[in-house]
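> Just to be clear, the model below is a prediction. Sequence and coordinates:
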Amino acid sequence: MKNIAVLVSGGGTNLQALINAQGRGEIVNGEIAAVISSSPDAYALERARQAGIPSYVLVRRDYPSSQAMTAALVDKLKELSIDLVVMAGFMTIVTEELFEAYENAVINVHPSLIPSFCGKGAYGLHVHEQALAYGVKVSGATVHFVTQECDSGPVILQKAVGVLPDDTPEQLQRRIMEQCEWRLLPQAVSLFCQDRLKVEGRTVKILGG
Ligand code: GAR
């Protein structure tokens, strides 16, 4: 059984999708062992509390540097015997210490079809504002391994939805969450926990099934 830590900063709807999937037995060979929030006010902490999952708060401003905060994060993950780190709307920059300690074991969900609308400044609602401003006809979500370079790690799963003519950023965000993120993230986590993800260069092979 693999121990999963979910890193959050805000509402935590992706955390909730993972909790719900776990409740349905869809996280095979894995258990959400901890929720770590970059903000003491994140509603995700309330979701963790309701699900009976231990939670921790790690605030960047409590540390002199991003490196120092990342080192504290790695210490906590090791102390909790975490095998998989899931970034689910985690909005704090972490440094290489995390990827050295957890090589090919940190995954992130991003609300666009990477490599579109990603990188610096592309987070949360901004991603959907950028997609609408560009005029794309499809957008979606990507679950990928996290590497040092922002939003650039090997892609695990992607799913697209149509962009409708009068979409607002909020409507597009909601459609992508419901139809893409909340489905893909639990699937990717379950595949990881079953050792079914094999990274070969930039490509992730999905084994078996
Ligand atoms: C989600 O849409 C997630 O994909 C996005 O933030 C939202 C968090 O929502 N993440 C990024 O933009 C990362 N670059 P949630 O707290 O309700 O899961």
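Great, that's in hand.
> what's the longest helix in the protein?
Secondary structure of the chain per DSSP state H: the longest helix is helix 66-79.
> Identify the residues contacting the helix or strand just after it?
Sequence order places strand 84-87 as the next helix or strand after helix 66-79, per DSSP states H and E. The contact list for strand 84-87, computed with C-beta atoms under 8 Å, 6 or more residues apart in numbering, reads 2-7, 18, 30, 77, 98, 102, 105-109, 146, 185, 189, 192-193. To be clear about C-beta, it is placed using only N, CA and C from the backbone, and glycine gets the same treatment.
> same check, this time on stretch 99-110
Contacts of stretch 99-110 (C-beta under 8 Å, 6+ apart): 14, 74, 77-78, 82-90, 98, 118, 122, 127, 141-148, 151, 153, 156, 181, 184-185, 188-189, 192, 197, 199.
> let's see 7 Å
14, 74, 83-88, 98, 118, 141-148, 151, 156, 181, 184-185, 188, 192, 199 (C-beta atoms under 7 Å, 6 or more residues apart in numbering).
> do the same with stretch 184-204
Outside stretch 184-204, the residues that reach it (C-beta under 7 Å, 6+ apart) are 2, 4, 14, 17-18, 21, 26-30, 84, 86, 88, 104, 107, 109, 141, 143, 145, 154-157, 159, 205-209.
> Assign the residue of the chain found nearest the ligand to helix, strand or coil.
Nearest residue of the chain to the ligand, counting by C-beta to the nearest ligand atom: Gly89, 2.6 Å away. Under DSSP: H, G, I helix; E, B strand; the rest coil, Gly89 falls in the coil class.
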